[in-house]
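S.K.: Give me a model of this one.
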Amino acid sequence: MSTAPVATSIDELASFAASASVSSEPHRDAIGLQLADSVIALLAGAASKEGRAIGRFIARTDSGMLAAAASLAATMRLTEVDDIHRPSAVTPSAIVLPVALALRMSFARNAAPSLFADALYVGEEVAIRVACALGGVSLLARGGWPSYMVAPLGAAATAGRLLGLAPERMRHALALALAQTPPPIGRATGHRPGRWLLFGQAVRAGCVAALAAADGIDGDVALLSDAWLAQIGGANADASRLARNDSDAPARLQISVKPHCAAKQALAAIHGLRVLLADGIDPASVEAVDVQVPSAYAAMLDREPPEAGRLASLVSARGQLALAALQPASLDDVTRDDLRWSDDLRAFAARVRVTADPSLDRLYPGKWPARVSVRAAGGTREITVEDSPGDPSLRFGRSEIADKATRMLGAHPAMNLIETARLSATEPAQLDALCAYFSSDLNGS
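M.R.: Modelled structure (predicted):
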């Protein structure tokens, strides 16, 4: 554990958030692709029954920029098609983009694309860095939700950058956000689980922290300490993860795009089965599918039957592999409103077994792998997947993002917004158009 003075870490984070820049063209292009992917999630979430219900609730109970940030964050995160950083288990874009859009439509109307991109960059970097210092994916085993826990902090860094906070005021924005780090929320239950609403409110809290700091309200800048990290993160907390050297690659380079609507833990198994089926295995001939994954998430992937609800269908490896084999288009159905678990789907799901393989633990959490073994027509085929499409080693480019948009949005009337988003990190007119589309959330409609 670090023995640095308690003020050092928050000072370094505040200085970074107030001044770091995505100056190189390749990084700006990458942020443009990240924006395009994020808008797929925003549009899909807003079109879903659950997303519309959350939006209506927030519009009835809140208003203005804060309501917009909360609504956009909740509807984006519920899709399970937003990006994710595996070592921290943080879904960064669902934290920072809703804030950047809401601020750009209110307090920072004249913010240039370069500032917009910088705000996204510092918000996700700060959120990921603190999540790793708290223990990263190990928080999941303790009942924590890393994205939710660092949402106030990432939102505050993004909002503070767009507000032009100097390091001195940024440190108070971060301190106020840290003071609102939320505790575990328990299991997600019911057909309208509260986790998405709570996530949106955590993002909203970060916006309030930045606005308060800009208004002169102070936080306890000594809060970020070894003791605080250990209290929140437990034995795996490591203050050294807060530091970042100039030679370190940005955390954003480790962010994965999700190719399908699924918990990230299930995507390697889905990809493995699809590869084996594409190599000539007839789904009708499949007798058994064995899925082996790291010990950390084996139980999660087989906890509930897929028909228990929308969220269960996104997490259940048995359900997702049944869809991959028999109804692959449903893998890209964010709403799952019309998904019916037919006898054929149930029968295939029953032939899937999920177990922990300690030999895969060595790859985790840098990779979230799966070993898939299929017995069919008297023979057995096996594949080990360390990275699935969309991971950094299989990075999505323009064509893959466009294909994802087509699969998930179909003939959505705002499909042109995907390309608008891609250009928003460099072109003012495109950023204006992107913000104008989502201005209805700001106006509470």
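S.K.: What segments of the stretch 51-200 of the chain are strands?
M.R.: 84-85 (DSSP state E, counting those that start in this stretch).
S.K.: Could you chop the chain up by domain?
M.R.: 6-257+395-442, 264-385 (automatic domain parsing).
S.K.: Just name the most buried of these.
M.R.: Mean neighbour counts were taken over the domains of the chain using mean count of other Cβ atoms under 10 Å, and the top value, a mean of 21, falls to domain 6-257+395-442. Any C-beta I mention is one placed from the backbone N, CA and C, and that applies to glycine too.
S.K.: and the domains of the chain as TSV, adding mean pLDDT?
M.R.: Output for the domains of the chain, formatted as TSV (pLDDT from 0 to 100):
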stretch	mean pLDDT
domain 6-257+395-442	93
domain 264-385	96
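S.K.: thought residue 354 was touching residue 303?
M.R.: No. Counting by Cβ atoms under 8 Å, residue 354 stays clear of residue 303, with 9.6 Å between them.
S.K.: Backbone dihedrals for the residue most central in space within the chain, please?
M.R.: The residue lying closest to the centre of the chain (Cα atoms, centre = their mean) is residue 91, at 2.1 Å. Backbone torsions of residue 91, given as degrees, to the nearest 10, read phi -100, psi 90.
S.K.: Check residue 63 too.
M.R.: Dihedral angles of residue 63 (phi, psi; degrees, to the nearest 10) stand at phi -160, psi 170.
S.K.: Would you map the helices across the stretch 101-250 of the chain?
M.R.: 113-134, 138-141, 146-162, 167-178, 195-214, 226-233 (DSSP state H, counting those that start in this stretch).
S.K.: so which of the ones you listed comes closest to residue 416?
M.R.: Nearest to residue 416 among these is helix 113-134 (18.1 Å), distances taken as Cβ to Cβ.
S.K.: so which of the helices of the stretch 101-250 of the chain comes closest to residue 317?
M.R.: helix 138-141 (16.3 Å).
S.K.: who's in contact with the closest one?
M.R.: 89, 131, 145-146, 149, 233-234, 236, 296-297 (Cβ atoms under 8 Å, 6 or more residues apart in numbering).
S.K.: ok, now with 10 Å
M.R.: By Cβ atoms under 10 Å, 6 or more residues apart in numbering, the list of residues contacting helix 138-141 from outside reads 88-90, 131, 135, 144-150, 184, 232-237, 265, 295-297, 300, 365.
S.K.: Can I get it as PDB, trimmed to CA atoms?
M.R.: Extracted in PDB, the C-alpha atoms of helix 138-141 (Å, rounded to 0.1, in the frame of the first residue of the first chain):
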ATOM      1  CA  SER A 138     -12.300  -8.000  -7.600                       C
ATOM      2  CA  LEU A 139     -15.000  -5.600  -6.500                       C
ATOM      3  CA  LEU A 140     -17.600  -7.800  -8.200                       C
ATOM      4  CA  ALA A 141     -16.800 -10.700  -5.900                       C
END
